[in-house]
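Trainee: Okay, here's the prediction I keep looking at, along with the sequence it came from:
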Amino acid sequence: MRIAVVQTTYDGERPSVVEQVDAVASWVGDHLRGEEIDLLVLPELWPVGAFRPRTWQERAEALDGPIVAAMAGLARSLDTVVHLGALIERAADDRLYNTAVVLGRDGDLLATYRKIHRMRAGGLEAEILAPGTQIGVVDLPLRDGTTLRTGLATCYDLRFPELFRAMVDEGAEAFVVPASWPQIRARAWEVLLRARAVEDQALVVGASAVGTDGKTQMAGRSAVVDPAGTDLAVAGTGPGVLVVDVDLDELRAARASFPVLNDRRIRVQPGALAGPDL
């Protein structure tokens with residue numbers, strides 16, 4: 001399996017979301033043209049700015065809007081599955097969600113995941129956005145005709161291991177985690193990606209933004225981590241595209257040879273949510 005992880009940034013100098021999306025799609029296409037990629041992953045909220053919450057209302061759009069349409073075109077042009085990171089979704093009831101979107105090689109919608117955990121400390125995310133209520137697990141179609149059972153989480157979700165265990169109970173072998181993680185907490189990003197990989201014996205793909213968004217410096221350091229917590233690839237702190245090959249036979253052998261998950265005594269009930277607003 002070949003994975004491409006994109007580190008991009010929100011460019012507030014561009015006057016519209018459409019121009020931002022078109023510029024990134026063109027840049028990614030130039031980097032990956034001719035590559036045979038199974039999965040392309042972008043960061044959280046790169047089309048609108050993760051740390052510009054006061055603009056989210058005007059930049060929100062439905063899932064049939066221009067952001068998804070542009071990324072569907074990129075999926076078709078590169079012949080790859082695209083996890084576009086996350087956008088601000090305006091739902092039919094006019095509520096706003098931080099929503100991850102996964103598109104197939106033909107550009108059709110494969111899966112969505114509305115971010116369950118919203119940060120309350122030092123921001124407006126919990127005030128502006130509604131919480132998701134469903135975990136996201138999808139069978140990603142690979143170029144060789146097989147699939148990879150994959151759990152979807154977004155940024156702050158990484159701090160809640162019970163979400164990842166619930167996805168394991170739904171069969172997840174891998175996790176994709178787009179983020180706009182701030183530089184001030186970069187160490188936590190690095191540790192938590194590897195913790196989720198080790199404790200769940202899973203492949204973890206973390207795609208983080210770079211640059212300055214609003215007044216917040218982004219961490220970058222996107223990574224692909226194997227079930228032993230070993231880095232298969234790690235990006236720096238600038239824009240770029242990280243391409244890594246993953247041996248899925250080795251990934252699955254890790255669970256078979258050291259069946260830690262079989263020794264669990266406490267289980268998370270998938271779909272059982274507790275806490276504020278849930």
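Mentor: Perfect, thanks for sending it.
Trainee: wait, doesn't V18 sit right on E61?
Mentor: No - the criterion here is CB atoms under 8 Å, and V18 misses it with E61 at 10.2 Å. C-betas here are computed from N, CA, C, even on glycine.
Trainee: Which neighbouring elements make contact with the strand or helix carrying L84?
Mentor: Assessed by DSSP states H and E, L84 sits inside strand 81-90. Judged by 3 or more CB pairs under 8 Å, 6 or more residues apart in numbering; DSSP states H and E, strand 81-90 is in contact with strand 39-41, helix 66-78, strand 96-103, strand 109-114, strand 174-179.
Trainee: any idea how far the helix or strand just after the first one is from the chain center?
Mentor: Right, strand 39-41. Where DSSP H and E defines the elements, the next helix or strand beyond strand 39-41 is helix 56-59. Relative to its parent chain, helix 56-59 has a centroid offset of 21 Å by CA atoms, centre = their mean, to the nearest Å.
Trainee: could you dump helix 56-59 to CSV, C-alpha only?
Mentor: Taking Å, rounded to 0.1, in the frame of the first residue of the first chain, the C-alpha atoms of helix 56-59 are listed here in CSV:
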residue,chain,number,x,y,z
TRP,A,56,-16.4,29.3,9.6
GLN,A,57,-20.1,30.4,9.3
GLU,A,58,-19.4,32.1,6.0
ARG,A,59,-17.0,29.4,4.7
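Trainee: Can you give me the buried ones in that helix?
Mentor: Using 16 or more other CB atoms under 10 Å as the test for burial, helix 56-59 gives W56, R59.
Trainee: returning to what we had before: can you add distance to F164 and mean neighbour count and give the helices and strands packed on strand 81-90 back as JSON lines?
Mentor: Formatted as JSON lines, the helices and strands packed on strand 81-90 follow (distance: least, CB to CB, whole Å; neighbours: other CB atoms under 10 Å):
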{"stretch": "strand 39-41", "distance to F164": "17", "mean neighbour count": "25"}
{"stretch": "helix 66-78", "distance to F164": "25", "mean neighbour count": "20"}
{"stretch": "strand 96-103", "distance to F164": "15", "mean neighbour count": "23"}
{"stretch": "strand 109-114", "distance to F164": "13", "mean neighbour count": "19"}
{"stretch": "strand 174-179", "distance to F164": "6", "mean neighbour count": "27"}
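Trainee: How about the contacts made by E36?
Mentor: Residues near E36 by CB atoms under 8 Å, 6 or more residues apart in numbering: R2, D79, R143.
Trainee: So the nearest residue to the second one once chain neighbours are set aside, which state does it fall into?
Mentor: Once its chain neighbours are removed from consideration, D79 has its nearest residue in R105; the separation is 5.3 Å (CB to CB, 6 or more residues apart in numbering). When the structure is split into helix, strand and coil by DSSP: H, G, I helix; E, B strand; the rest coil, R105 lands in coil.
Trainee: Repeat that for L192.
Mentor: Assignment for L192 (three-state DSSP): helix.
Trainee: Now for it, how many residues are close by?
Mentor: L192 sits with 21 neighbouring residues when counted by other CB atoms under 10 Å.
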